[in-house]
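*Asks:* Predicted coordinates and the sequence they were generated for:
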Amino acid sequence: MINYNQLTIKQFLKCKMIADTETDPVLRNLKLLAEIENTTLDAVESLPIGEVVKKLEGLSNIETLQQDAKIKLKFSIGGKKYIIKWKEQDLTSAQYIDVSHFCKEPEKIIFNIHNILASLAVERTWYGKELKYDGSKHKERANLIYNDMKIETAYPIMLFFCRYYKELIENILTYLEGEALEAMKKVQDFMKSGDGLQPSTA
C-alpha cells in the first residue's frame, strides 16, 4: 500500500483536484494512481485491477488519517529551517496582509496551503535564530513548500490554522481598533492641553 503521508503538497492537491472533478469512479482511481506514481494513464491501465486496488488503499481516507497527526510548527525543507508564526502578536503586518490575501475565498484555502504556509513561515538559522520575514521571497518559499513539503507535515498545520484563523483575524482587528482608539485619545488630549498648533492671527 502506498504511504500517502509521504505525498508532497503538489501531489496531494493534484489528487484532490482529480477526485473533485472526475465523476467516473474507475477513471478517477486510475488517474489518481497515475499522478501518485508519476506515470501515464496508459501505464496504469495496463496493470491488473487487483494491483490497482491494492495500491489505492487508504487514499479516500487521507484527510481523516491526518486529523490526529502531530502538529510540527518547526520544520526543515530544501536545506533551510523554518518556524510557523500563527499568533497575532507574532505576525508582522506584511505577513498578515499576505496570508489574508490567500484566505479571501474559504473554499479555495486548501489549494492555497503552500501560499499560506509561505506567508506564516519565518526562516531560522542553523542555531535557531529567527530571521525577519521577507515578503519578497514569498514565491520562492511557496514553490519550495509546494514541491517538497510532505502532506504529513503540511496538513496538520493547515487544519490547525483553519480552526484558529477566524479567531486570529478577529483578535488582530480588535488589536488594531484598540491601537487606533488609543492614538485618537492621545491626539485629543494633546489638543486639549493647549500645546497643539494654534491658528495664525497674522
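*Replies:* Yes, it's here. Numbers count the residues shown, from 1 in each chain.

*Asks:* Only C-alpha atoms from now on, for both contacts and neighbour counts.
*Replies:* OK.

*Asks:* in stretch 90-97, what counts as buried?
*Replies:* 91, 95-96 (16 or more other CA atoms under 10 Å).

*Asks:* can I get the CA coordinates of that stretch in CSV?
*Replies:* The C-alpha coordinates for stretch 90-97 follow below in CSV (Å, rounded to 0.1, in the frame of the first residue of the first chain):
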residue,chain,number,x,y,z
ASP,A,90,4.0,37.3,16.4
LEU,A,91,2.8,38.2,12.9
THR,A,92,4.2,41.2,11.1
SER,A,93,1.9,43.5,9.1
ALA,A,94,3.4,42.1,5.9
GLN,A,95,2.6,38.5,7.0
TYR,A,96,-1.0,39.5,7.9
ILE,A,97,-1.5,41.1,4.5
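
*Asks:* Quick one: mean pLDDT for it?
*Replies:* For stretch 90-97, the per-residue pLDDT values average out at 83.

*Asks:* One more: stretch 50-58?
*Replies:* On average, stretch 50-58 scores 78.

*Asks:* returning to that earlier point: between the buried residues of stretch 90-97, which is nearest His138?
*Replies:* Nearest to His138, judged by CA to CA, of the buried residues of stretch 90-97 is Gln95 at 9.8 Å.

*Asks:* Turn the buried residues of stretch 90-97 into JSON lines, columns for distance to Ile109 and secondary structure.
*Replies:* JSON lines is the format used below for the buried residues of stretch 90-97 (distance: CA to CA, whole Å; DSSP: H, G, I helix; E, B strand; the rest coil):
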{"residue": "Leu91", "distance to Ile109": "19", "secondary structure": "coil"}
{"residue": "Gln95", "distance to Ile109": "16", "secondary structure": "helix"}
{"residue": "Tyr96", "distance to Ile109": "15", "secondary structure": "helix"}
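
*Asks:* Out of these, the closest to Gln11 would be?
*Replies:* For the buried residues of stretch 90-97, the nearest to Gln11 is Gln95 (26.1 Å; CA to CA).

*Asks:* so what's that closest one up against?
*Replies:* When contacts are counted by CA atoms under 8 Å, 6 or more residues apart in numbering, Gln95 touches 119-120, 133, 135.
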